[in-house]
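**Q** Give me a model of this one.
(one chain, ligands or ions: 2)
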Amino acid sequence: MVTKNITITGAAGNIAYSLIFRILSNPPFKDTDKINIRLLDISQSQKSLMGLKYEIEDCAFESLENLLITDDPELAFTDADYILMVGAKPRSKGMERSDLILDNAEIFRSQAQIVNEVCSKKTKIVIVGNPANTNALIMNYNTPKIPNENITSLMKLDQNRAKSILATKLDERVENIKNMVIWGNHSTTQVPDLYNCVIPSKEISLEHSWIHDTFIPRVQKRGGEIIEFRGLSSAASAASAIYDHIYVLEFGSDDCEALGVLSTGEYNISPDLMFSFPLTINDGTFTVIDNLDINDSLTALIKQTEEELLKEREIVKKYLP
Ligand code: NAD
Ligand code: LMR
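**A** Ligands and ions are numbered 1, 2, ... in the order given. The predicted structure follows:
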């Protein structure tokens, strides 16, 4: 039996309220593994965390070894196997994710400095708080001790959305949709790529206008659409995607995966950006699939998402030592 130390930041928030119960009821780890869960939020949220603690206890989860609630990042991060960095301001109606950039940059820099002091090379860090890719870059630059490949940003939600929207369009089962590549930023410039997508049992035939005027904008704007309807940003679907993200890191995958990872210049994308590339994942390590063709009609779009990330990087440059 192994006990995993799993830390969730923003634990009193909406995403965490789904994520914690999802992880503890069916852990994305080996059946025999147990979990020490550490829930971090700011001081003003400690009362709410106490209520959450009681709820978790009332579930009598067999996977749960220990439960800590705290406002002390050092305590929460020390010797963590995973840190799920959810804690940040979400956007509200009328905002873009990048509008949060400077407020959330502060949070990620200060938490990164603590991670660098108290974590080991084994700690895996998943960045969820928006703008997720640029926050992940801040995390990367401020944690020289942590290997680059241990820091990833959440793009699985975008991939899940893209698969589901396509499955509905084609009246196909979602698990039959393979190789759904998402290029770039978790933002309205991301590029979901149907030209590399396959359904093994059939040819995908879609009109150019549906791909470009319906599918791509729908996936790009899905987060905003949810805010419009719910009045709050996506929470259960984000939690589900975080679960899927951990699952593929733990168990690998026979499909092409979407995580934001540090660019080293693949596909002529500028190095030192957290970019969603097509990935294979095996034994806890990912490799960029570097031989896909990029359809001409996507080239300019991929450039735009890269440019947006370059602009975000410029805005936060004082956080990138
Ligand atoms: P929320 O406002 O419900 O919860 C955020 C929590 O973070 C709050 O409890 C808050 O007190 C806490 N927090 C703030 N600063 C903190 C700090 N320094 N340390 C620890 N905790 C802190 O928001 P939510 O709906 O749970 O969303 C959280 C973040 O995730 C937002 O930035 C949102 O935009 C982002 N998000 C990302 C994706 C993605 O796919 N990458 C998807 C959905 C939401
Ligand atoms: C999402 O994609 O649902 C989240 O990033 C929340 C948002 O601000 O869109």
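**Q** For the nearest residue to Phe277 once chain neighbours are set aside, which residues count as its bridge partners?
**A** Spatially, and ignoring its direct neighbours in sequence, Phe277 is nearest to Val288 (4.6 Å; Cβ to Cβ, 6 or more residues apart in numbering). C-betas here are computed from N, CA, C, even on glycine. Val288 has the following beta-bridge partners by DSSP bridges: Leu279.
**Q** OK, contacts around Val288?
**A** Going by Cβ atoms under 8 Å, 6 or more residues apart in numbering, Val288 touches 261, 266, 277-279.
**Q** Ligand 1 versus Arg222, what's the distance?
**A** Noted for Arg222: a distance of 10 Å to ligand 1, by Cβ to the nearest ligand atom, to the nearest Å.
**Q** Leu320 now?
**A** Leu320 is 19 Å from ligand 1, by Cβ to the nearest ligand atom.
**Q** what does Thr7 give?
**A** Distance of Thr7 to ligand 1, computed by Cβ to the nearest ligand atom: 10 Å.
**Q** and that residue, bridged to which residues?
**A** If you apply DSSP bridges, the partners that Thr7 bridges to are Arg38, Ile83.
**Q** could you list every residue that touches it?
**A** By Cβ under 8 Å, 6+ apart, the neighbours of Thr7 are 37-40, 76-77, 80, 82-84.
**Q** Filter the contacts of Val288 down to the buried ones, ChimeraX style.
**A** If you want just the buried ones from the contacts of Val288 in ChimeraX, going by 16 or more other Cβ atoms under 10 Å, the selection is:
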select :261,277,278,279
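**Q** Rebuild the contacts of Val288 as CSV, extending it with pLDDT and distance to Pro217.
**A** Shown next, in CSV, are the contacts of Val288 (pLDDT from 0 to 100; distance: Cβ to Cβ, whole Å):
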residue, pLDDT, distance to Pro217
Val261, 98, 25
Glu266, 98, 26
Phe277, 98, 22
Pro278, 98, 21
Leu279, 98, 24
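**Q** What is the nearest of the contacts of Val288 to Gln44?
**A** Val261 (34.1 Å; Cβ to Cβ).
**Q** For the closest one, identify the helix or strand it belongs to.
**A** Here Val261, judged by DSSP states H and E, is contained in strand 257-262.
**Q** any bit of that strand sitting next to ligand 2?
**A** No - counting by Cβ under 6 Å from any ligand atom, ligand 2 has no neighbours in strand 257-262; the shortest distance is 12.1 Å.
**Q** Pull out the buried positions in that strand.
**A** 257-262.
**Q** partners of it, with directions?
**A** Looking at strand 257-262 with DSSP bridges, its partner strands are strand 151-154 (antiparallel), strand 274-282 (antiparallel).
**Q** Would you format those as CSV with distance to Ile56 included?
**A** Listed next are these as CSV, based on distance: least, Cβ to Cβ, whole Å:
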stretch, distance to Ile56
strand 151-154, 23
strand 274-282, 29
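**Q** out of the ones you listed, deepest packed?
**A** When the strands paired with strand 257-262 are scored by mean count of other Cβ atoms under 10 Å, the highest mean neighbour count falls to strand 151-154 (a mean of 28).
**Q** what does that strand rub up against?
**A** 124-128, 132-133, 135-136, 139-140, 143, 186, 238, 241-242, 245, 249, 259-262, 274, 276, 286.
**Q** redo that, cut-off 6 Å
**A** The contact list for strand 151-154 (Cβ atoms under 6 Å, 6 or more residues apart in numbering) reads 125-128, 132-133, 136, 139-140, 245, 259-261, 274.
**Q** Could you tell me the angle between the helix or strand that that strand is followed by and strand 274-282?
**A** Of the helices and strands lying after strand 151-154 in sequence (DSSP H and E), the nearest is helix 156-170. Helix 156-170 runs at 80 degrees relative to strand 274-282, counting by axes from the mean of the first three to the mean of the last three Cα atoms, to 10 degrees.
**Q** and ligand 1, which of the contacts of strand 151-154 contact it?
**A** 128, 132.
**Q** So which of the contacts of strand 151-154 are in strands?
**A** Using DSSP state E, the subset of those located in strands is 125-127, 259-261, 274.
**Q** closest to Arg173 among these?
**A** For these, the residue nearest Arg173 by Cβ to Cβ is Leu259; the value is 23.5 Å.
**Q** any idea how far ligand 2 is from the closest one?
**A** The value you get for Leu259 to ligand 2, if Cβ to the nearest ligand atom is used, is 15 Å.
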